[in-house]
Structure formats: C-alpha cells, structure tokens
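K.L.:
Have a look; sequence and predicted model below, questions after that.
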Amino acid sequence: QSSITIGGVIDAAARQVRNEGRGAVSSLASGGNSTSRLIFRGSDDLGDGMSASFHLETGLLLDTGTSASATQFWDRRSTLSLATPALGELRGGRDYVPTYTLWTRHDPFSYVGVAGSTNLLANSQQGPVRAAFGTTANTLVRASNTLQWLLPSAPAGMAGLEGGVMVSAREGGNSADGQHKLQGVRLGYVTKAFSVGAATSTTESNLTTLGRFRDTSVGAIGELGMARVSAAWRRLSYGPATQTDVMLGLWWPVAGGEVKASWHRANLDGKVGSTAVQANDATQWGLGYVYSLSRRSALYASCSRISNDGAATFTVPGGASGMTAGGRSTGYELGVRHTF
Amino acid sequence: QSSITIGGVIDAAARQVRNEGRGAVSSLASGGNSTSRLIFRGSDDLGDGMSASFHLETGLLLDTGTSASATQFWDRRSTLSLATPALGELRGGRDYVPTYTLWTRHDPFSYVGVAGSTNLLANSQQGPVRAAFGTTANTLVRASNTLQWLLPSAPAGMAGLEGGVMVSAREGGNSADGQHKLQGVRLGYVTKAFSVGAATSTTESNLTTLGRFRDTSVGAIGELGMARVSAAWRRLSYGPATQTDVMLGLWWPVAGGEVKASWHRANLDGKVGSTAVQANDATQWGLGYVYSLSRRSALYASCSRISNDGAATFTVPGGASGMTAGGRSTGYELGVRHTF
Amino acid sequence: QSSITIGGVIDAAARQVRNEGRGAVSSLASGGNSTSRLIFRGSDDLGDGMSASFHLETGLLLDTGTSASATQFWDRRSTLSLATPALGELRGGRDYVPTYTLWTRHDPFSYVGVAGSTNLLANSQQGPVRAAFGTTANTLVRASNTLQWLLPSAPAGMAGLEGGVMVSAREGGNSADGQHKLQGVRLGYVTKAFSVGAATSTTESNLTTLGRFRDTSVGAIGELGMARVSAAWRRLSYGPATQTDVMLGLWWPVAGGEVKASWHRANLDGKVGSTAVQANDATQWGLGYVYSLSRRSALYASCSRISNDGAATFTVPGGASGMTAGGRSTGYELGVRHTF
C-alpha cells in the first residue's frame, strides 16, 4: 500500500536586470514569485492522533531544466517526522533553520525574485557570512543533519504559541560539505490579527576559527485596515563583523489580486580581516502585483532597486557580473506561477 | 489540491555495433525505439478554455541507472504554458527548437536508436555544428531559456495551420552553459492524409565569432496506399561550412505491427578553419520492425548501416571509438519499449 | 493512459560511532534500518498472464538531501521486464547481482545500518575486492548493463525452486564506468519453514589483469521455535587474495516487534601484490530491536561492534576516519523507518 502526495510549484518569468556600469541583461528566470519545485510527501496515521510523515523537496530551474543544486537533489527539504497533538513534532533531516523560518514570513516577496530579501543577504559581500563560511554552504536558510522539536500547532483558527528547537551535530565534518554544528531556537505567538516572533541560532564549522557565527531575528506582522504590514530585524555576526538588516513589508489586497511592497536595509559593521566594511551598506525597494488566474495559478509583475553604499555590490539576481562598487541594481520581471 | 500526471517511457535493447577497423561491441542500450524518460505534468483549467500547464521531463539510461544528462536533470523539457483556444500557447522554459520539431517527425526512427537520424548530425565531425559550438551544448534539438508562441491547434481531426515562434535571450552567457541567442520559426499545414512544413532558426553565442549558426528544415509526409512516406531536407551552416541532410522515410503497417525504413544522406561542404570538409559525407540506411504487445508495450528490431566518405567517421551509437576514417558502421538491436 | 506506482522508504537515525583511537562521532544517519529511497514502477498486462513492467529506484541520504549516488540517479535499480507465469522473467538494466540477492536475505540487518554485513565487505581494505576493482564500482551488490532470466515464482505459499542467470557484456568499457563482464547464477529452494540457496558470479574488467574476480555464496534459513535463524557463507577471490565471510543471523519476535542479532566473521587470506593480508581479519556482532508503530512505520535501535585483527580497519559507518589498525569500531543508533 502506497501513500504519497506529489505537489509543487512551477514558476517562470521574463526578467530584465540592469547593474550600474554593466548594462541590462534580459533573461528567462525560474521562480520569480515562488521557487519552482517538486514535492513528494506522505504520512502514516499511527492512531491516537500520532503520525509518521516525510517530506522530500527538490528545487529546479525551469528555464534550463537543471536541478537547483548540483550536488543535493533534495536540496530544499528532506525530513522524516513523528508527531502527536500533545507533544508536537520530532523532525530529522535537512530543513529550514529557525531564523529563516521566522524571517521569510515577513518578506512579502518570500525571499525570492527580483525583490526578494535574499538579495541583501548574499555571501558575495565581505561581511559576517562571507567571513564565517567563505562561499561554502552557510546556514542562513537551511541546514543538513538536523534534529528538531516543533511545538504542537494551535488548533486551526486559534491563537497560540509556536516555535521549536533545532540542533545539528557537526559530524566531524567540513563546512564545504554542509556539516555544521548548529543550535537554534524559535518562539512566536500567532493570532488571526497579528503575529510576533523571535529566533536565534549559532553555527560552528571547521572554518569558524573566530568563534560562533550568530544569526538572530525578530519580527511582527499586523493588520492595518485591509492591508497586512510586517517589520523584521535580523543580525548576523561573526568575529568583528556584523550585518544588521531591517525589513518593512506590505500586502494589500486589490481587485483580482494583491499588491506587495518592501523596504529592506542592510547595514554592515566592523571588519573582515583588516578590511573595514561599515561603509558597505545597501537599501532595496521592492514593488509587486500578483493577479490570480485561479486558486492555483497567477500572473505577477515585480520590480526592485538596490542602492549600494561604499564598496557594496549587492545585486538583483539575473544581471551582469562586475557591477560598479556602490552602484545601483534594478530589476523587473513579469511571470506566471502555477501551484499543483 | 494537487493535480499531476506521471508518465513516461522505459525502453531497453540488446545491441551490437561494428565499427570498421574496431570490431564489434555488444551492449545493453537504453531507448532504442523511444528514449527512456519520466514525465511530470499537470494543468489548471482557468475557465473559458484557458489553461495553465507545466511539463517536466527527465531522460534516463536504463542500462546504467544514470540520468541522460549529468548536469540537467530535467534535460528533455521543462516548461510552463498559458494557452487559450483562440490565441494559442505561450510557453517558457527548456524545450525543443522549431527545426527539430519539424525534422524529427519525418524520421521513422524518431531520431533515436541504431537507425536514428541523430547519427548523421553528430558534433563529433568537423562541420558547421562542431565549428559553431565545439563540443558544448548546441541547438540542434533543444534550447534553454526560451519563450515561444505556438499557433492554436486545429480541432481534432481537422486540417489546419500549425507552427510557432521561439526566441531565447543569450542572457550574457556562454555556449558551454547552454546560453544562446536563438530565434526560430516553424510553419506547417496538416491534414489526415498529408503534412508539409518548414522551420528555420539562427543561434548566436560567445563562440559564434563567424556570425550566426543557421538551421533550416523542410519536410512533407504523405500516404502511399497503406504506407506512410516522408521526405525531409535540413541545412546547417556556419561561416564557410555547411551540412545538407536529406532523409526519406517509410512506415508500413504489417501484421501485428509496423515496418519502418529510412535513407539518410549527410553532405558536408566548405571549410572548417583551413580544412576542407566537402569530401566527408555519409549515408545511412535503416530498417526496423515494431511488434505491438499491447497498446503500451512493444517489441522491436532495428538495423542500420552508415557508409562514410572521405575522412568522415559518423557512427551508429554503441560501438568502439576510433573507427577507420571513411569506414562503415553497422548496428543491430532487439528491444522492448514500454510506455506508461 | 498512465499506470505507475510510487513507493519507497524514508529512514533516519541518530547514530554514534566510536573508532578506536579516534573518539566518537555523533550524526544524523539515513537508512539505518532500510535505505531511504523512492521507487517508480508500473506494469502492463499483455494477456495470458504475460506482463511488461519497469522498476526505477533512486537512493537518497535523508540527512543531507543528496542522492545516494552522485553520478547514477537511479542507482538502486533501473530495469525493464517481460514475464510469463510459465517461462519466468526476462529482465534488463541495472540490478542486484545473484550473490547479493542470496547473501542479503541471510543478514538480519539487510546489509545496512551500524550492524549491516556491508561493514565487513568494504573496498577500503586490502583484499580481493580492492585488488580487483580498486575503489571503482565493484559487483558485490549491483551491476549495470545486465540481462537476466529469473525462474517463474512458485505460486503464493507453495514450495519451489527459485533462481536465475545474469550476464552483462563488458561493452568495451572501464570498471570506473561500472562496465564489467559479469556472469552469474543463483539457485534455491524455498518453503514456508526453510530456504536454502547458492549463487556464484565472475567479473572481468579492464582492471582484472590477474584473471576473473569470483564471488560465491551459500546460505540457509530455518525456524527454531518462534525464532528464525540463518547461516551464510561467501567467498570473494581475485588472484592470490581471498576473503571468506561467515554470517549467523537471528530474528526473534517479541512483544511489539522483533529482536535481531548477527555474528559475522571476515577472514582474509593470500596476498595483494607483495603484501600478505591473511592476518587482517575482523568479527562483527550486531544486536537490534524493531518496534512496529504501524504496518508501515517502525522505531528501531541497533548496536554493533567490529573487532579487527592485524592491520584490518573495518569500521561501522559514520565514525571518524583513521582508526587504529586492528582497532575496535562500535556503533549505536536509534531511528525511525517509514515505508510508503
């Protein structure tokens, strides 16, 4: 007897990105509204509300037909869970870290596309992330080899605490192999009208010779008339380098769909090696509209602009490399998102 | 709510290929009649006949359990479409190019197996394909990052125009990454009794320093008593090198199945660098029989012979490398094809 | 019309392994009870009991989200079959070799986890496997490019002969590409109360310059009161090097589940090059308990100890590399297995 559900998202957009000093690049992009993916999941009712379940999720780039990760096919999530209504969920595998889970829900652009908040959290910049992990796998979004305990969900429609604890043994391994010692926790309170939450984690690897990499995030979402607004703060620190991000978000229902907007500021501080990075800040504006074609399909249009300070070269994805230091990066996209 | 269909083809054959001067090699081959593959697709009815749909297709080598492409898991097709009965289909992603779509329907062996017409279109030979793309990805079959508009289909069983336009932005990239600037168009007329069509495309990349690579194809299919016959012409050109292919095909229904035959001539001309290639031509004969075990499963047997001229070394796939220049390559296979 | 079934296993465990001289490593491990995998299979009824069917199976590491094989996505099995009740099954593709099929059923730990018999069959040791194949793909478990004929199954619940013959053409290829000339056979007799069987195979490749690699296995399973017990013998030989393994197994039903135990001895003999290996033996004890949560889900706990002699460094998987020669390796794991 087999029990499995297959779902996912397929999303493609025509995109144009202009990086200052490097002209414009037009492209077909995958996942401008929601990352293209295929999900296999299933669960087994063990009686008394207890269940076992699994979740396998592979990301893909629709424009080229490649897997999102060259080495980890089930890169987005691969987990096995035991859960009871009273005790919550014990989950093992590769999964989202607590700070990402909190942060991303405050981003109207869900961390992706021309206006996603990932743009200002890139490891391409000299800052705490680059200093701690180089260009190897970092723990800003996911971690491998994790065990976590998640609080029981509040009954549908009711207010309640939510959160969890995640640990990952380093397994004697290397950051290059995604093997980190991670300890994280998340706690929040959710009602229909608002939510507040905080999360923090520390990561150690063979590369973190200056001590632990720290990642802390706090955020709130509330209603403002018809609209929903969010505010979130995230601090990344490693040795003498820190990056502090602030993000404001807006979701505004309009005829046929939703308008979204975000303002996001990344503020670097301290030093990487002997290089001072505090001047290398950046600000991103994002604006988007999502028009629902059906409950499962939508058209969307988004634009964004990143203004860099100092030597910063944060960019909208999809442009030419080699942007002028301190330059502007501007992106537009028009796409289709299909959920199944 | 999930809406997805999984289908595909699994096909394996015992094959023997003899390349002149190199002896015979026996092997288990994958996809002698139809490429082994797994397809995930789905669609969403948007009302008024409009629909959104996706298609993900991964090729595989059944004999070894490997993916057909080491780097592109969804190598065969990964597309997202919006379609209406009146306006046709807008489709984005990785897909077949117009010239291939036209050409392959004229090949009784569907471009694959010991007798497939791919054998005389190999980038192993000095000619326009090798000159334009080296051994990196070329655009003879598929292209990444494409947007295309396809004419509305004629109502089932009715005659009508068919075709489409495809463009792909180069995305500032490299041929090695499959990033080409491609512009293509296809137009045809189809009835129950015959079809005619033509397609052409041009491709530019960082490697095409001598100008655009051009690919043009024309073909027709008609009935001849019980049989179906085809004739197709394809010209590939780049700088001073051209390759002109002519192919004749036959499908002949017999007891329990179908006999297929093809004759295919590749005629090279001009120069690659300072090397004249006009003597390096080749001719392929193919003969096959497909016996239907059911609507979804079949046995098949095929054989082919390639006769090379000059320095040409076109070969049937599955033989030993290092064939004598101008030699003969002969192949046989006996296989099973299962569609699901 | 599509006809496909998706199933699989997701299995994860918390594991600790201590290799003498190297301390303990804690990890999240995938597949401690049964390898995590996803299976796509289907069949087509051809009438008169005849059928065509396929089986595609990909292994995965749940802890990291990676495919079990970096190069062979359908690494576990990829086959196409034609079968009739009277004549048996003709199967082509990548599949288990006869000696593995026989051996593994005698291992209470199914060849995997801290106590699996794979631990004493590693190519890390100087012995016949390492001498014949180096660290490239060997044929202890699976082979690519195979054709096999399997005897018809006995009607359900009845005693009968079972077995098959497997051949694989070398395809002119390299061991590094998994291309071997393999010839194998397996024969057994099975009743409800006991089974006996034997299997043997030889493998040649571009690396086997000293002659064929030989793999022979014999085993029996019987009932002992409530328990089931097994005994198996396997000999690997290549040139002047041999490895002889003996394994005893126990399955003992207890409240809520099953206790399993195994004793496994690997005895090396002869030389690899000019190095005598006969002193490098090892013994493994394994003990486990599987508690059924449902028909499809289970908790399990296992432990094992490998005692090495001479220069042997057989280890439980998941520990630190560089164990003391002749040292002890000890492992524990606590996991969840979910079948779907």
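P.N.:
Structure received.

K.L.:
At the contact with chain B, which residues of chain A appear?
P.N.:
A:5-8, A:10-12, A:14, A:25-28, A:38, A:60-67, A:70, A:73, A:293-297, A:318, A:320, A:336, A:338, A:340 (CB under 8 Å from any CB of the partner chain). C-beta here means a position set from N, CA and C on the backbone, and glycine is covered the same way.

K.L.:
In strands, which of the residues you listed appear?
P.N.:
Counted as lying in strands by DSSP state E, out of the residues of chain A next to chain B, are A:5-8, A:10-12, A:14, A:25-28, A:38, A:60-61, A:66-67, A:297, A:336, A:338.

K.L.:
PyMOL command for the buried members of these?
P.N.:
Typed into PyMOL, the line below selects the buried ones among these, using 16 or more other CB atoms under 10 Å in any protein chain shown:
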select buried, chain A and resi 6+7+8+10+11+12+14+25+26+27+28+38+60+61+66+67+297+336+338
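
K.L.:
show me where the stretch 51-200 of chain A has helices.
P.N.:
A:98-104, A:128-133 (DSSP state H, counting those that start in this stretch).

K.L.:
Let me have the ones you listed in TSV, extended by mean neighbour count.
P.N.:
As requested, those are exported to TSV (neighbours: other CB atoms under 10 Å in any protein chain shown):
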stretch	mean neighbour count
helix A:98-104	25
helix A:128-133	25
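
K.L.:
Adding distance to C:Gly188, write those out as a markdown table.
P.N.:
Shown next, in a markdown table, are the helices of the stretch 51-200 of chain A (distance: least, CB to CB, whole Å):
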| stretch | distance to C:Gly188 |
| --- | --- |
| helix A:98-104 | 52 |
| helix A:128-133 | 53 |
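
K.L.:
Pipe these into JSON lines and attach distance to C:Pro152 and mean pLDDT per row.
P.N.:
As requested, the helices of the stretch 51-200 of chain A are exported to JSON lines (distance: least, CB to CB, whole Å; pLDDT from 0 to 100):
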{"stretch": "helix A:98-104", "distance to C:Pro152": "54", "mean pLDDT": "98"}
{"stretch": "helix A:128-133", "distance to C:Pro152": "57", "mean pLDDT": "96"}
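
K.L.:
between these, which gets nearest to chain C?
P.N.:
helix A:98-104 (15.3 Å; CB to the nearest CB).

K.L.:
which residues make contact with the closest one from outside it?
P.N.:
For helix A:98-104, contacts defined as CB atoms under 8 Å, 6 or more residues apart in numbering or on different chains pick out A:110-111, A:117, A:140-142, A:163-166, A:184-186, A:188, A:197-201, A:215-219, A:232, A:234, A:247.

K.L.:
Make a PyMOL selection of whichever of those turn out to be buried.
P.N.:
Applying 16+ other CB under 10 Å to the contacts of helix A:98-104 leaves a buried subset, and the PyMOL line that selects it is:
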select buried, chain A and resi 110+111+117+140+141+142+163+164+166+184+185+186+188+197+198+199+200+201+215+216+217+218+219+232+234+247
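
K.L.:
Please report how far the closest residue to A:Gly197 other than its chain neighbours lies from chain B.
P.N.:
Distances taken as CB to CB, 6 or more residues apart in numbering or on different chains place A:Gly188 nearest to A:Gly197, at 2.9 Å, with adjacent residues excluded. Between A:Gly188 and chain B the computed distance is 28 Å (CB to the nearest CB, to the nearest Å).

K.L.:
Contacts only, for A:Gly188.
P.N.:
A:Gly188 touches A:102, A:161-163, A:195-198, counting by CB under 8 Å, 6+ apart.

K.L.:
Save those as TSV, and put in distance to A:Ser53 too.
P.N.:
Shown next, in TSV, are the contacts of A:Gly188 (distance: CB to CB, whole Å):
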residue	distance to A:Ser53
A:Leu102	23
A:Leu161	22
A:Glu162	18
A:Gly163	19
A:Ser195	24
A:Val196	28
A:Gly197	24
A:Ala198	27
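
K.L.:
List the ones among those residues that fall in strands.
P.N.:
Among those, DSSP E puts A:161-163, A:195-198 in strands.

K.L.:
can you count the residues close to A:Trp263?
P.N.:
14 (other CB atoms under 10 Å in any protein chain shown).

K.L.:
Next secondary structure element downstream of the strand or helix carrying it?
P.N.:
In the assignment (DSSP states H and E), A:Trp263 maps to strand A:257-272. Per DSSP H and E, the first helix or strand lying C-terminal to strand A:257-272 is strand A:275-276.

K.L.:
got the contact list for that next one?
P.N.:
Contacts of strand A:275-276 (CB under 8 Å, 6+ apart): A:126, A:270.

K.L.:
just to revisit the earlier point, for A:Thr135, state which of the contacts of A:Gly188 is nearest.
P.N.:
Nearest to A:Thr135 among the contacts of A:Gly188, counting by CB to CB, is A:Leu102 at 25.1 Å.

K.L.:
still on that earlier bit, how far away is the residue nearest to A:Gly197 from A:Ser292?
P.N.:
28 Å (CB to CB, to the nearest Å).

K.L.:
swap in A:Asp309?
P.N.:
A:Asp309 is 38 Å from A:Ser292, where distance means CB to CB.

K.L.:
And A:Ser3, by the same measure?
P.N.:
31 Å.

K.L.:
List the residues that contact the residue in the stretch 151-300 of chain A positioned nearest to chain B.
P.N.:
The nearest approach of the stretch 151-300 of chain A to chain B comes at A:Ser297, 4.1 Å away (CB to the nearest CB). By CB under 8 Å, 6+ apart, the residues touching A:Ser297 are A:336-339, B:44, B:46, B:52.

K.L.:
While we're on the nearest residue to it once chain neighbours are set aside, how confident is the model there?
P.N.:
Spatial nearest neighbour of A:Ser297, excluding adjacent residues (CB to CB, 6+ apart): B:Ala52 at 4.1 Å. We have a pLDDT of 96 for B:Ala52.

K.L.:
low-confidence ranges in chain A?
P.N.:
Across chain A, the ranges flagged by pLDDT under 70 are A:1-2, A:156-158.

K.L.:
Around chain C, pick out the residues from it.
P.N.:
A:1-4, A:6, A:40, A:42, A:44-47, A:50, A:52-54, A:56, A:71-80, A:82, A:92-94, A:144-147, A:168-169, A:171-172, A:178.

K.L.:
for A:Val185, what are its contacts?
P.N.:
A:98, A:163-166, A:199-201.

K.L.:
and which of these is nearest to chain C?
P.N.:
Using CB to the nearest CB, these come closest to chain C at A:Met166, 11.5 Å.

K.L.:
Residues in a beta bridge with that closest one, which ones?
P.N.:
Counting by DSSP bridges, A:Met166 forms beta bridges with A:Gln148, A:Gly184.

K.L.:
show me the contacts for it.
P.N.:
By CB under 8 Å, 6+ apart, A:Met166 lies in contact with A:95, A:97-98, A:143, A:146-148, A:182-185, A:201.
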